[in-house]
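In: got a sequence here, can you build the structure:
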Amino acid sequence: MKKLHIIGIICLILILIIALGIFLVGSPKKDTGDRINILLLGVDARDLQHPGNTDSISIISIDKNTKEVSLLSIPRDSRVKISGRGIDKINSAYPYGGLNATISTVEDFLGIKIDYYILVNFQEFKNIVDTLGGIYIDISANESSQIPELNGATGLTKLNGDQTLAYARFRFDSQGDVGRVKRHQKIIQAITNEFLKPANLGKAPTVLSQLNSNVHTDIPLLETSVLEQLLQGFNLDKGKTAIISGNWTTINGIVYLIPNNETKEQMVNELGLRD
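Out: Take a look at the predicted model:
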């Protein structure tokens, strides 16, 4: 099976839209039942020797029959049981045990089955933003005052790659990591919107070339028709989305999010992440 590299974290949905049927090759189709769960990971990898933590962890769940889509995000500071390691932040699973440990940890934490994965290098996604000529994000006054790269801009603002990267990484507001996940979701939609503009069609080969050399996924060709049918014209605003919540606490000088198991189970059920 050919594995593909990807550049970009927050462009996870974009990757699904443009990569399906173009880059995906390889393994036989799995028996996924009536639902496909795809683990979307954004990794802050500086280089090959330093794999980095997963700064973005989400599950996109697809109902094959109704074509409904849901997206559940897990804050990186969530304190969970890491497969083969013990209790730690969920974002430490990847540098500890790679994809296998990360997938097992997410499956155990949510009580769901992960069918496929898409892995994104957080460091590199800014290149796609620059290729598209920038993206438009609605910037709050608080975000503007604390992110120097935004140069004081507020409201709907066109951001370049470096500015988008700074915006994506910002997490020092009242919502902490939860606020960061929400910003990630805004960037996903903004990149998707920009790519689908007729004026950017001529840039598609460059964007696709960037994706082709920077994406890891194990989605096989035989699943392509299902995903293409589902994601054609997909609008994140129309999908069900949720973020794992809980209480923030400090243990041995380290800040964690202690997930609320009751609300977690409610989210998993409401989003339909299980068959």
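In: for this structure, longest helix please?
Out: In the chain, taking DSSP state H as the definition, the longest helix is helix 176-195.
In: counting contacts, what elements does that one pack onto?
Out: Judged by 3 or more Cβ pairs under 8 Å, 6 or more residues apart in numbering; DSSP states H and E, helix 176-195 is in contact with helix 12-19, strand 54-63, strand 69-73, strand 135-139, helix 161-169, strand 240-243, strand 254-259. Bear in mind the C-beta positions are built from the backbone N, C-alpha and C, glycine included.
In: show me what the shortest one pairs with in its sheet, parallel or antiparallel.
Out: In this case it means strand 240-243. strand 69-73 (parallel) (DSSP bridges).
In: mean confidence score for the next helix or strand along the chain from the partner strand?
Out: Using DSSP states H and E, the helix or strand that follows strand 69-73 towards the C-terminus is strand 79-82. Strand 79-82 carries an average pLDDT of 96.
In: next one: stretch 183-195
Out: 78.
In: now the angle from the longest helix of the chain to strand 254-259?
Out: 70 degrees (axes from the mean of the first three to the mean of the last three Cα atoms, to 10 degrees).
In: wait, doesn't residue 96 sit right on residue 86?
Out: No: the criterion here is Cβ atoms under 8 Å, and residue 96 misses it with residue 86 at 9.9 Å.
In: of the two, who's got more company?
Out: A count of neighbours by other Cβ atoms under 10 Å puts residue 96 above the other of residue 96 and residue 86, at 17 against 8.
In: I'd like the helices and strands packed on helix 176-195 laid out as CSV, including mean neighbour count and mean pLDDT.
Out: Listed next are the helices and strands packed on helix 176-195 as CSV, based on neighbours: other Cβ atoms under 10 Å; pLDDT from 0 to 100:
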stretch, mean neighbour count, mean pLDDT
helix 12-19, 24, 45
strand 54-63, 24, 84
strand 69-73, 22, 85
strand 135-139, 19, 96
helix 161-169, 20, 89
strand 240-243, 17, 85
strand 254-259, 17, 96
